[in-house]
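# Sequence first, predicted coordinates after that:
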Amino acid sequence: QVQVVESGGGLVRAGGSLTLSCTASGSIYSIVAMAWYRQAPGQQRERVARVTQSGTTTYADSVRGRFTISRDNAKNTVTLRMNSLKPEDTAIYFCCADIVPQSGWHPASYWGQGAQVTVSS
């Protein structure tokens, strides 16, 4: 069994900052990559940022320069620091971990339950 749990989020005014954290636990051999997605009401889920096991990061154009993703491999944790938040950043943010549960297995994606981020104007 693998669990992915997010924490953080909340309500902030435009221009403010928030930090989201996510921890994977359970039967884990390795974590290929960890990522943050978001989904606003009536919109499709989009990937916000991703970090690989080696530390390579990618960002959506809409958040590049404002958001920073970081990872602690020893703790199976990923953090998303969000600065200069805008009302259009309002969404439910989901953590996704691509995990190999046992040696020799293919990786599978495991999702957290989501964390609400609301940015007021």
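Received it, and whenever you're ready, just let me know what you need.

# do you know how far the most centrally placed residue in the chain is from R45?
Using C-alpha atoms, centre = their mean, the residue of the chain that lies closest to the mean C-alpha position is W36, 2.5 Å off. Separation of W36 from R45 (C-beta to C-beta, to the nearest Å): 11 Å. All C-beta atoms are positioned from the backbone trio N, CA, C, and that covers glycine.

# hey, what's in contact with both of these two?
Common contact partners of W36 and R45 (C-beta atoms under 8 Å, 6 or more residues apart in numbering): F94.

# any idea where the helices of the chain begin and end?
Here the chain has no helices by DSSP state H.

# how about the residue of it most remote from its centre, phi and psi?
The C-alpha centroid of the chain is most remote from G104, which lies 25.8 Å away (C-alpha atoms, centre = their mean). The phi/psi pair for G104 (degrees, to the nearest 10) reads phi 90, psi -10.

# how far away is it from Y29?
With distances taken as C-beta to C-beta, G104 is found 9 Å from Y29.

# And the strands in this structure?
Taking DSSP state E as the criterion, the chain carries its strands at 2-8, 10-13, 18-26, 30-39, 46-52, 57-59, 67-72, 77-82, 91-100, 108-111, 115-120.

# What's the mean pLDDT across the second one?
Throughout strand 10-13, pLDDT has a mean value of 98.

# can you check the last one too?
Over the span of strand 115-120, the pLDDT mean works out to 98.

# Contacts for it, please.
Taking C-beta under 8 Å, 6+ apart as the rule, strand 115-120 contacts 6-14, 16, 18, 20, 38, 82, 85-94.
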